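J.: A structural model of the following input is requested.
(one chain, ligands or ions: 2)
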Amino acid sequence: MPLLLGCIADDFTGATDLASMLVKNGMATVQVIGVPTGPLPEADAIVIALKSRTTPAREAIAESLAAAEALLAAGAKQIFFKYCSTFDSTDAGNIGPVADALLKRLGAGFALACPAFPANGRSIYQGHLFAGAHLLNESGMENHPLTPMKDANLVRVLSRQTEGAVGLVPFSVVEQGSQAIRQAMIRMAEGGRRYAIVDAVTDGHLVAIGEAAAHHPLITGGSGIAMGLPANFRAAGLLPERPDAAALPPAKGMCAVLAGSCSRATLGQIGFARDHAPTLELDVLATPDAKALAAQALDWVEGKLSADHPVVIAASAPPEKVAALQAKLGRDAAGALVEHALAAVAQGLVARGVGRLVVAGGETSGAVVSALGVATLRIGAEIDPGVPWTYAEPANIHLALKSGNFGARDFFLKAFAHV
Ligand SMILES: Nc1ncnc2c1ncn2[C@@H]1O[C@H](COP(=O)(O)OP(=O)(O)OP(=O)(O)O)[C@@H](O)[C@H]1O
Ligand SMILES: O=C(O)[C@@H](O)C(=O)CO
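T.: Ligands and ions are numbered 1, 2, ... in the order given. You can find the predicted model right below:
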């Protein structure tokens, strides 16, 4: 099975989201954790999951280039740089700097940038990103613990992260379909633009944009923009039908949820779980100590684990509590403390027989997956848009890595009816 699409994702839930989109559209896809050190598994698409969304730009570039090298060496015909559908980044990066470095490595001068994901309410109009009915900077994302998004104009946001010129392919062009989009992107590249934010409001737009970019060496965006790519490979005769692309081994073991995301969606899901499952909300401000928090959680879990329904352990907190902890410890130290605590809880849960684990939050998932020594994730069927069950090896457990903002209100319960 020759590798077709080589993907680099800047966080772990984002990688799973992208892999799920590719599987759903008929590509056998494996998610690899971190820059690979050995040969890549056989797949139509490989998604290398980095934890580079908030690292210093220099580190993010080095890791992304190393990932690209591995993918190109394995024969990838196109490179995909996956970032968040809410364009999570600070003005210091990393989306612009990483995309710049990848373009240079690929000898290319232009790439589209499109984080739209209509199934999860992310749309782009006149270059402005909406989350549901709200502009990005009024959607709750302005309070994100690590990457507060205070500007919805993506042309402006990306321009602050790159020396390259950023243009816009507007809705009026996107509506005309793939030929018009292709021509517009050619004109932009010829006119010296390095990037184009491409408006997209519907899945139909994303498919047309994907078709228009069939020959681009680099695609950048959210998982939505990957929707049209498998068809390009099929049209080129490179991708056979894959009816069982989402098959996983049977699930076993106890059920648990770990939440470190402080997004509105996750806070709502914890609120729902409170009434339907044993739920522990850690008070990180009262106990700002990772070991002590993990010990509290593992003591609490005693006698509560079940193979039928989950226990829910959350460090997540509303913006005022997050701000209080950050004021005390600093932003990065606060995040790291919670991540260490939840990673240790994950190890403890698996040691106690948990075999089906939902983790909420990209950084949190990164910490958990690393602590569990996971090397690869096989991607299964989707629970909600962008969140599939996966099979983690060599840990041999089922994991669902939920992007902070994704999933219905009852996600923490319903996930276990799908595995
Ligand atoms: N009570 C808290 N106080 C301060 N920081 C917290 C608290 N709880 C969690 N955090 C930190 O907030 C960050 C949340 O980021 P994470 O990527 O896990 O979630 P997210 O951004 O909502 O999800 P995604 O990246 O999938 O959109 C993590 O670093 C986590 O450790
Ligand atoms: O694109 C998204 O919103 C997610 O896949 C993600 O990257 C969350 O971290």
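J.: going forward, measure contacts between C-alpha atoms and count neighbours the same way
T.: Fine.
J.: Leaving out the residues flanking it, which one is nearest to residue 224?
T.: residue 117 (4.7 Å; Cα to Cα, 6 or more residues apart in numbering).
J.: what number of residues lie near the closest residue to residue 333 other than its chain neighbours?
T.: Distance criterion Cα to Cα, 6+ apart; nearest residue to residue 333, sequence neighbours excluded, is residue 326 at 7.7 Å. Close neighbours of residue 326, defined as other Cα atoms under 10 Å, add up to 17.
J.: Residue 326 is in contact with residue 336, isn't it?
T.: No. Applying Cα atoms under 8 Å, one finds residue 326 not in contact with residue 336, separated by 10.9 Å.
J.: In what element of secondary structure is residue 233 found?
T.: Here residue 233, judged by DSSP states H and E, is contained in helix 229-235.
J.: Would you mark the buried spots in that helix?
T.: For helix 229-235, burial by neighbour count (16 or more other Cα atoms under 10 Å) applies to 229-233.
J.: and this protein, which of its residues are near ligand 2?
T.: Applying Cα under 6 Å from any ligand atom, we find that the chain lies next to ligand 2 at 11, 13-14, 17, 83-86, 222, 362, 403.
J.: and with 8 Å instead?
T.: Residues of the chain lying near ligand 2 by Cα under 8 Å from any ligand atom: 9-18, 82-88, 115, 117, 222-223, 361-363, 386, 402-406.
J.: contacts with ligand 1 among these, please.
T.: Answer for the residues of the chain next to ligand 2 near ligand 1 (Cα under 8 Å from any ligand atom): 11-14, 84, 86, 88, 361-363, 402-406.
J.: now, which of those residues lie within helices?
T.: 12-14, 362-363 (DSSP state H).
J.: list the contacts for the residue nearest to residue 179 when sequence neighbours are not counted?
T.: Distances taken as Cα to Cα, 6+ apart put residue 212 closest to residue 179, at 6.5 Å, once the chain neighbours are dropped. By Cα atoms under 8 Å, 6 or more residues apart in numbering, the contact set of residue 212 is 178-179, 181-182.
J.: Kindly recompute the last result at 10 Å.
T.: 177-185, 206, 228-229, 232 (Cα atoms under 10 Å, 6 or more residues apart in numbering).
J.: Quick check, residue 271 in contact with residue 279.
T.: Yes. Counting by Cα atoms under 10 Å, residue 271 touches residue 279, with 9.3 Å between them.
J.: between those two, which one's more packed in?
T.: More crowded of residue 271 and residue 279, by other Cα under 10 Å: residue 279, with 20 against 14.
J.: Save the contacts of residue 212 as TSV, and put in pLDDT, secondary structure and distance to residue 307 too.
T.: Converted to TSV, the contacts of residue 212 look like this (pLDDT from 0 to 100; DSSP: H, G, I helix; E, B strand; the rest coil; distance: Cα to Cα, whole Å):
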residue	pLDDT	secondary structure	distance to residue 307
177	98	coil	49
178	98	helix	48
179	98	helix	52
180	98	helix	53
181	98	helix	50
182	98	helix	51
183	98	helix	55
184	98	helix	54
185	98	helix	52
206	98	helix	39
228	96	coil	38
229	98	helix	38
232	98	helix	42
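J.: since we're on residue 56, how many residues are nearby?
T.: 12.
J.: residues contacting it?
T.: Counting by Cα under 10 Å, 6+ apart, residue 56 has contacts 92-94.
J.: list the buried ones in stretch 281-300?
T.: 282, 284-285, 288, 290-291, 293-294, 297-298.
J.: what do you get for stretch 187-195?
T.: 188-189, 193-195.
J.: Narrow these to those in strands?
T.: The members of the buried residues of stretch 187-195 that map onto strands under DSSP state E are 193-195.
J.: What are the boundaries of the strands in the stretch 251-400 of the chain?
T.: 254-259, 279-281, 311-314, 354-360, 376-384, 387-393, 397-402 (DSSP state E, counting those that start in this stretch).
J.: Include mean pLDDT when you put those into a markdown table, please.
T.: Formatted as a markdown table, the strands of the stretch 251-400 of the chain follow (pLDDT from 0 to 100):
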| stretch | mean pLDDT |
| --- | --- |
| strand 254-259 | 98 |
| strand 279-281 | 98 |
| strand 311-314 | 98 |
| strand 354-360 | 98 |
| strand 376-384 | 95 |
| strand 387-393 | 96 |
| strand 397-402 | 98 |
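J.: what about residue 270, how many neighbours?
T.: Neighbours around residue 270, by other Cα under 10 Å: 26.
J.: re the thing from before, who wins for most neighbours among the contacts of residue 56?
T.: residue 94 (27 neighbours).
J.: Skip the chain neighbours and tell me the closest residue to it.
T.: Nearest one to residue 94, counting by Cα to Cα, 6+ apart, is residue 57 at 5.4 Å.
J.: where's that neighbour relative to residue 70, distance?
T.: 20 Å (Cα to Cα, to the nearest Å).
J.: cool, residue 121 as well?
T.: Distance from residue 121 to residue 70, by Cα to Cα: 33 Å.
J.: and if you look at residue 3?
T.: 11 Å.
J.: wait, does the longest helix belonging to the chain contact ligand 1?
T.: Using DSSP H, we find that the single longest helix of the chain is helix 331-351. Yes. If you take Cα under 8 Å from any ligand atom as the test, helix 331-351 does meet ligand 1, through 331-332, 334-340.
J.: Are there helices or strands packed against that helix, and which ones?
T.: strand 254-259, helix 290-301, strand 311-314, helix 319-329, strand 354-360, helix 362-371 (3 or more Cα pairs under 10 Å, 6 or more residues apart in numbering; DSSP states H and E).
J.: Please list all residues in contact with residue 174.
T.: 180-182, 184, 198-201, 204-206, 208-209.
J.: With residue 296 instead?
T.: 280, 282, 287, 290, 345.
J.: Also near ligand 1: which of the buried residues of stretch 281-300, exactly?
T.: 282, 284-285.
J.: can you put those in CSV and add pLDDT?
T.: Converted to CSV, those look like this (pLDDT from 0 to 100):
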residue, pLDDT
282, 98
284, 96
285, 95
